[in-house]
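1. Sequence first, predicted coordinates after that:
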Amino acid sequence: MRWTRNIRVAALLATAALGLTACGGGSDQPAAPSKGGAPIVVASFNFTDSQILAEIYAGALEAKGYPVTRKLNLGSRELVYPSLKSGELQFLPEYQGAAITTGFGKEATKDAKAEHDQLSKLFAPEGVGLLNYAAAEDKNTYIVKADVAKSKGIASISDLKKLDKVVMAGPPECEKRLPCFKGFKDIYKLTNATFQTVQEAGPRVQQLNSGAVTVIPVDSVSPLVGDSQYVALKDDLTIVPTENVVPAVNKKVLDERGTDFATVVNAVSAKLTTDGMRELNKRVDADGEPAADVAKDWLKQQGLS
């Protein structure tokens, strides 16, 4: 989904030829009786929320005896999807709206259940199925500095028309994606807006703080959302679809592993909330805890490990 976290160039280079390598830790809990069979390859995109989710689902499966191989921080959909469709990657925590708009180039319905049905149909010919979606969302949110918002009366993306000049900083793919800068131009008709490519999330925040840029995209689970230094702009024309978390799973795995497997995964999804994911993201991004450790703690707290 996301284009709002640090792109790890080394990871992109390492996986560009799809020589995908496993990373992430296992569990320190007593091992459940093994379900046997080939390891289920659990993947993530290259941003914090995706990695945490992958660790959570992987840990829950391991706790029930399913063998798992982790292949995390792999990059954007452009890199990950070919391997998901080929079966090299078998389990990917996805975000429904972004999967539809970015993964398949379609317009999302902007309703969670309808998006689930829409995405299921899009994935079906590729041999990929969906399990239950979660209440948790991680969607693009646009923030400006609070002092600018107050002095100029800016509360929504449309309000950016009040400014003489708007500069958005974002990763390169944002410029051509409708839920990002392309939507600012094509839907909001912000003729005063220009785009500046800034690959890493940290420098984007620095440029926003310095006043070099006006607005940046961040994840809705980012600790910056709700920070008093910033104002999250209302997406009043709804360029960003709903982004409920949903496990996309290779159909062969679903068929071979059966209902017990689906029950384990659906139990995780039932516990995921946006506020809860924001706290987990804060522990990783702000407090520096490893995603694997944060995931283990969450599973233990939820009684899923």
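-> Sure thing, it's come through.
2. ok, now how distant is Arg253 from Val284?
-> Careful, residue 253 is Val; it's not Arg. Distance, Val253 to Val284, using CB to CB, to the nearest Å: 27 Å. All C-beta atoms are positioned from the backbone trio N, CA, C, and that covers glycine.
3. Would you map the helices across the stretch 101-250 of the chain?
-> Per DSSP state H, counting those that start in this stretch, the stretch 101-250 of the chain carries helices over the ranges 112-123, 146-152, 181-186, 201-210.
4. For Ala201, see how far away Thr102 is.
-> From Thr102 to Ala201 the distance is 18 Å (CB to CB).
5. Give me the more crowded residue out of those two.
-> Higher neighbour count among Thr102 and Ala201: Ala201, with 26 against 23, using other CB atoms under 10 Å.
6. List the buried residues for stretch 254-261?
-> For stretch 254-261, burial by neighbour count (16 or more other CB atoms under 10 Å) applies to 254, 257, 261.
7. Out of these, which sit inside helices?
-> 254, 257, 261 (DSSP state H).
8. out of the residues you listed, who's nearest Ile56?
-> Ile56 lies nearest to Phe261 out of these, by CB to CB, at 15.5 Å.
9. What is the subsequent helix or strand relative to the helix or strand of the chain at the bottom of the mean pLDDT ranking?
-> Least confident helix or strand, the chain: helix 9-15 with a mean of 35, by mean pLDDT, DSSP states H and E. Sequence-wise, the next helix or strand downstream of helix 9-15 (DSSP states H and E) is strand 40-43.
10. so how far is the next helix or strand after that following strand from its chain's centroid?
-> Scanning forward in sequence from strand 40-43 by DSSP H and E, the next helix or strand is helix 48-63. Computed by CA atoms, centre = their mean, to the nearest Å, the chain-centroid distance of helix 48-63 equals 13 Å.
11. who does helix 48-63 touch, helix- and strand-wise?
-> Here helix 48-63 touches strand 40-43, strand 68-71, strand 91-95, helix 251-269, helix 274-285, helix 291-301, going by 3 or more CB pairs under 8 Å, 6 or more residues apart in numbering; DSSP states H and E.
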